[in-house]
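Participant: Sequence and predicted model, in that order:
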Amino acid sequence: MCGFLDGDCHDARHRIHQRAPVGRRASPRGRRRHRPVLDGDRLRRRRTHGRRVDRADPAPSPRCRCPRAPGRRRRRGPGCARGRRRHRPRGVAPADRRACGRLPAAARPRAAPRDRRRRDHRRQHRRGRQGRPLRALPHRDPRDRSTGRSPGLPRLPATARSAGPRVAAPRRAPRGAGVIGLALDVVGVDDRIPGIRSLTLARPDGGPLPSFVPGSHLVVECGPVLNAYSLTGDGASPVTYAISVLSCPGGSGGSQWIHGLSVGDVVGVHGPRSAFAPVLSATRHLLVAAGIGITPMVSHLRSARRWRRPVELLYVHRPGRGAHLDDVDALAESASVFTDRESFTAAVDDALGRQPLGTHLYLCGPAAFMAEVTARATAWGWPASRVHVEHFGTDAFDPGEPFDVHLRTTGETFTVGAGVSLLEALLARGVDVPNLCRRGVCGECRVEVTAGDVLHRDLFLGERERAAGDSMMCCVSRAAGARLELAP
């Protein structure tokens, strides 16, 4: 026995229940619920689970150590499973209770559910039964994993499901042909700069065109070939596309085809596409361009002016051959234009050494020019992740030696002659290889190499990808040995 008489025990229990917990006031419901029992012979009506049950004198409180009658449950204190307040384990701080979820089940403090009826519904739901409160909520039946349909929603009959016209799925555009195919009219031609032609393209009805991000290019069907040219206009809700093309007499013929267009001609385009967009998280943007490489920088300048991003431009060109100089003067707040290589190199070194942390570098121009600027940036400690390069073309390649190619998919073996690219040999034999620039820049003609050594001459693959030797750009790269095995 605890040392109290029967009445004293109940009075002590009454005082314990009426005492407010630390940090909060005693609720009126707690006072009504745990009212004192003055006479052990009187019956007390008690609410349990929605029904009223007459019980005799309740068992002693767990705070006293009086023995309870056999088969009689011990009376719980405030905040228990039968109360309306959520059970809080004693001795556990609120911040530590959140960490209890990461403990094993045996080490967690026992917390009873707030409502026994809700706990019963949860048990019914786990057993597959649908209680009334959960009936209106659509949920996935855990027993029906094959169909995955919701038992809470009615299943439509076959006639209702098949009603309506059938719409065929849209055909996917071939890789390398762009995202959207358009037929645009040439509405403007500008030949003020010798050797550079600027075209303005628009829809025949004058409607809006797909928007694009800065640094995007437009894939143009230049007769039998596809060439990519940088967009120089504003990419926000454009109604025209503007490109500038440098005449290359020794090229693939795309530039000569562009220079032969006039106002009113129809041009097929695909795109736009982007691989030279500005990094939005950069604190500052440093643009370095040479010659016709200014074209993607113009769209960068337009975007920087719109969004008020800090940008600096360094541009070098031959005397009388500078493109988009008017746009540079109007858009760039900090721009330096050079016509001699010595002063430009000194300005590049100065700019690379004084940029704040978080600046990103963007390069566009001839391959030798970009290789030189990239080497200077590496010497100044610029990481490769903050140097972005847009290639326009490659230098003339050596025709190379003949080599044999074995196709693993078809078992065919053929010889690629000197001066003939692997891409041309594959297309001549009916092998469908996506391609775009044919200069080793875009990465569309990438094929899988299963055996043999590769002589990489592209500008797309990184050092790790080249060292792996499991892929190559078939438009410019060749075999380093006498045989290659491909899986196109």
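Facilitator: In hand now; what should we look at? Numbers count the residues shown, from 1 in each chain.

Participant: which parts of stretch 280-288 are buried?
Facilitator: A282, H285, L286, L287, V288 (16 or more other CB atoms under 10 Å). (Each C-beta comes from the backbone N, C-alpha and C, glycine too.)

Participant: Turn those residues into TSV, columns for distance to A482.
Facilitator: Formatted as TSV, the buried residues of stretch 280-288 follow (distance: CB to CB, whole Å):
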residue	distance to A482
A282	47
H285	47
L286	46
L287	45
V288	42
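
Participant: and which of these is nearest A228?
Facilitator: Nearest to A228 among the buried residues of stretch 280-288, counting by CB to CB, is L287 at 19.4 Å.

Participant: hey, what's that closest one bridged with?
Facilitator: L313, Y362 (DSSP bridges).

Participant: which residues touch it?
Facilitator: Shown in contact with L287 (CB atoms under 8 Å, 6 or more residues apart in numbering): M297, H300, L301, V311, E312, L313, L314, Y362.

Participant: Next one: it, what pLDDT does it get?
Facilitator: We have a pLDDT of 97 for L287.

Participant: One more: the one 4 residues further on?
Facilitator: The confidence metric pLDDT takes the value 93 at G291.

Participant: again, but for the one 10 residues further on
Facilitator: Per-residue confidence at L301 stands at 95 (pLDDT).

Participant: sorry, back to before: wait, which of the buried residues of stretch 280-288 is closest to G233?
Facilitator: L287 (17.1 Å).

Participant: ok, now how distant is that closest one from H300?
Facilitator: 6 Å (CB to CB, to the nearest Å).

Participant: Below-threshold pLDDT in the protein: ranges please.
Facilitator: Along the chain, the model assigns pLDDT under 70 to residues 1-180, 250-253, 392-397.

Participant: Domains in it, by residue range?
Facilitator: Domain segmentation of the chain under automatic domain parsing yields 181-274, 284-391, 403-486.

Participant: Now the common contact residues for L287 and H300.
Facilitator: Shared contacts of L287 and H300 (CB under 8 Å, 6+ apart): V311, Y362.

Participant: and the residue lying closest to L407 once chain neighbours are set aside, what does it touch?
Facilitator: Using CB to CB, 6 or more residues apart in numbering and skipping the chain neighbours, the partner closest in space to L407 is L486 (5.9 Å). Residues in contact with L486 (CB under 8 Å, 6+ apart) are V405, H406, L407, R408, V447, E448, V449, T450.

Participant: can you check L231 too?
Facilitator: So L231 contacts F212, S216, H217, L218, Y241, A242, I243, P272, P296, S299 (CB under 8 Å, 6+ apart).

Participant: tell me the two of the residues you listed that are most distant?
Facilitator: Largest pairwise distance in those, by CB to CB, is 13.8 Å, between Y241 and P296.

Participant: more neighbours, the two?
Facilitator: Y241 (28 against 25; other CB atoms under 10 Å).

Participant: how about the more buried one, what does it touch?
Facilitator: Per CB under 8 Å, 6+ apart, neighbours of Y241: L184, T200, L201, A202, L209, L218, L231, G233, V269, P272.

Participant: which SS state does the closest residue to the first one other than its chain neighbours fall under?
Facilitator: It refers to L184. Closest residue in space to L184, ignoring its immediate chain neighbours: L201 at 4.0 Å, by CB to CB, 6+ apart. Here L201 is recorded as strand under DSSP: H, G, I helix; E, B strand; the rest coil.

Participant: Would you map the helices across the stretch 201-350 of the chain?
Facilitator: Here the stretch 201-350 of the chain has its helices, by DSSP state H, counting those that start in this stretch, at 254-259, 295-307, 325-331, 341-353.

Participant: Please list the outside residues in contact with the last one.
Facilitator: Contacts to helix 341-353, defined as CB under 8 Å, 6+ apart, come from residues 286, 288, 312, 314, 316, 336, 338, 361, 373, 376-377, 380, 382.

Participant: And for V220, the neighbour number?
Facilitator: Neighbour tally, V220, other CB under 10 Å: 27.

Participant: Tell me what it is bridged to.
Facilitator: N227, V269.

Participant: so who does it touch?
Facilitator: V220 makes contact with L226, N227, A228, Y229, I243, G254, I258, V267, G268, V269 under the criterion CB under 8 Å, 6+ apart.

Participant: Show me which of those are buried.
Facilitator: L226, N227, A228, Y229, I243, G254, I258, V267, V269.

Participant: so how far is G452 from the third one?
Facilitator: Going from A228 to G452 by CB to CB gives 30 Å.

Participant: is it fair to say T374 lies in a helix?
Facilitator: Yes: assessed by three-state DSSP, T374 belongs to a helix.

Participant: Surely it and V387 touch.
Facilitator: Yes: with contact defined as CB atoms under 8 Å, T374 counts as touching V387 (6.1 Å).

Participant: tell me, what's touching those two both at once?
Facilitator: The contact lists of T374 and V387 share L363, where a contact means CB under 8 Å, 6+ apart.

Participant: follow-up on the earlier one: give me the buried subset of the contacts of L486.
Facilitator: Among the contacts of L486, those scoring as buried are V405, H406, L407, V447, V449 (criterion: 16+ other CB under 10 Å).

Participant: How many residues are close by V373?
Facilitator: Using other CB under 10 Å, V373 has 24 neighbouring residues.

Participant: For it, list the residues it contacts.
Facilitator: V373 sits next to V288, V348, L363 when contact means CB under 8 Å, 6+ apart.

Participant: same deal with G417?
Facilitator: G417 touches P402, counting by CB under 8 Å, 6+ apart.

Participant: and it, how far is that from P399?
Facilitator: In terms of CB to CB, G417 sits 9 Å off from P399.

Participant: if we can go back for a sec, of the contacts of L486, which belong to strands?
Facilitator: V405, H406, L407, V447, E448, V449, T450 (DSSP state E).

Participant: so what's V405 bridging to?
Facilitator: With DSSP bridges as the criterion, V405 is bridged to F414, L484.

Participant: returning to what we had before: tell me the one of the contacts of V220 nearest L357?
Facilitator: Among the contacts of V220, and counting by CB to CB, the member closest to L357 is A228, at 33.3 Å.

Participant: quick one, what contacts the closest residue to the closest one other than its chain neighbours?
Facilitator: Spatial nearest neighbour of A228, excluding adjacent residues (CB to CB, 6+ apart): H217 at 4.3 Å. Counting by CB under 8 Å, 6+ apart, H217 makes contact with A228, Y229, S230, L231, G271, P272, R273, S274, A275, F276, P296.
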